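Engineer: With the sequence up front, the predicted model follows.
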Amino acid sequence: MNIEPDNLLEVRDLHFAYGEHQVLKGINLTIPKGKIVAILGASGCGKSTLLRHFGGQLKPSSGSVSFMDQIVHEMDNDQLYKLRLKLGMMFQVSGLFTDLTVYDNVAFPLREHTELPEELIHDLVLMKLQAVGLRNARNLMPRELSGGMERRVALARAIAADPALIIYDEPFAGLDPISLNTIANLIRRLNDALGVSSVVVTYDMSESLKVVDYVYFIHNGIVMAEGETAEIIESEDPFVRQFVHGQADGPVAFQYPCNPYTDDLKLSRNS
């Protein structure tokens, strides 16, 4: 009898560099089935580079990413194509096709990757749009949508083909408080209703901690801290506290590395 693993995705000792610039320096993390996991960190910490390894856009210098018990970087093109059908992606800037209606944007992955009849695609699209509260916006063009509505359409498209893993790249960026709260609640509700796994990549602490089950903090290419949401909120770790409470300075320094300020003042006076 085959027993399915509890973890949908596993990252093991992942290293990656762009030339001489080492971005990932031994990342270890897991995405359990049915859970929402947040990957948090400041800009430039390696979050986007890590995501590109999930779908096989990048190959590691060493280490591995395993998705549904398969090593991603060992797959050929046909295997990668099939793997990516099991990934849903909500892009930071929505990524909607500007010349397609809302309906056609959500229908696109179904038309592209399946041979379903148009009548069934119609019902599935309306079902996904109903789930995000935009069924009656199906004939609108992306330019007619607000920022929050764009994100919801992007979310409907991400779940259109019923993926096993949904990735949200900065889903809260640039949203007003009402839209932000709507998107956060949708992520939680859809994850639980669909029984999928989700990854939320963001730097928005307040909203992400409301909806996620587990948190990884990435800094300087490694996992600096991790834990269940309640543990993270109560953590006394200086690095975690700086992020949770939005402190301007701490382990992640405000100042770019430099000599003492007084040394530069002395040099300018002596020159």
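Structural biologist: Sure thing, it's come through. Bear in mind the structure is a predicted one, so any value in this text is a computation, not a measurement.
Engineer: Can you list the residue ranges for helices in the protein?
Structural biologist: 47-54, 77-84, 102-113, 118-131, 147-158, 177-194, 205-211, 229-234, 238-244, 261-270 (DSSP state H).
Engineer: which of the ones you listed sits most buried?
Structural biologist: helix 147-158 (a mean of 23; mean count of other CB atoms under 10 Å). Backbone N, C-alpha and C define where each C-beta goes, glycine included.
Engineer: Tell me the confidence at residue 252?
Structural biologist: Listed pLDDT for residue 252 reads 64.
Engineer: cool, residue 107 as well?
Structural biologist: pLDDT for residue 107: 96.
Engineer: Excluding chain neighbours, what is closest to it?
Structural biologist: Sequence neighbours aside, residue 125 is the residue nearest to residue 107 in space, at 4.9 Å (criterion: CB to CB, 6 or more residues apart in numbering).
Engineer: ok, the one you found touching residue 139?
Structural biologist: No: judged on CB atoms under 8 Å, residue 125 makes no contact with residue 139 at a distance of 11.7 Å.
Engineer: picking that back up, tell me the contacts of the residue nearest to residue 107?
Structural biologist: Residues near residue 125 by CB atoms under 8 Å, 6 or more residues apart in numbering: 103, 106-107, 110, 138, 156, 160.
Engineer: quick one: the closest residue to residue 164 other than its chain neighbours and residue 245, what's the gap?
Structural biologist: Counting by CB to CB, 6+ apart, residue 86 is the residue found nearest to residue 164 once chain neighbours are left out, at 4.5 Å. Going from residue 86 to residue 245 by CB to CB, to the nearest Å gives 37 Å.
Engineer: the more surrounded of the two?
Structural biologist: Neighbours around residue 86 and residue 245, counted as other CB atoms under 10 Å, are more numerous at residue 86. The numbers are 16 against 9.
Engineer: Now do the phi/psi pair for that one.
Structural biologist: phi -90, psi 0 (degrees, to the nearest 10).
Engineer: Surely it is in contact with residue 166?
Structural biologist: No: contact between residue 86 and residue 166 fails when scored by CB under 8 Å: they sit 10.3 Å apart.
Engineer: Which residues are in contact with the residue lying closest to residue 67 once chain neighbours are set aside?
Structural biologist: Among residues not flanking residue 67 along the chain, residue 9 sits closest, at 5.0 Å (CB to CB, 6+ apart). Residue 9 is in contact with 30-31, 54, 65-68, 165, 197, counting by CB under 8 Å, 6+ apart.
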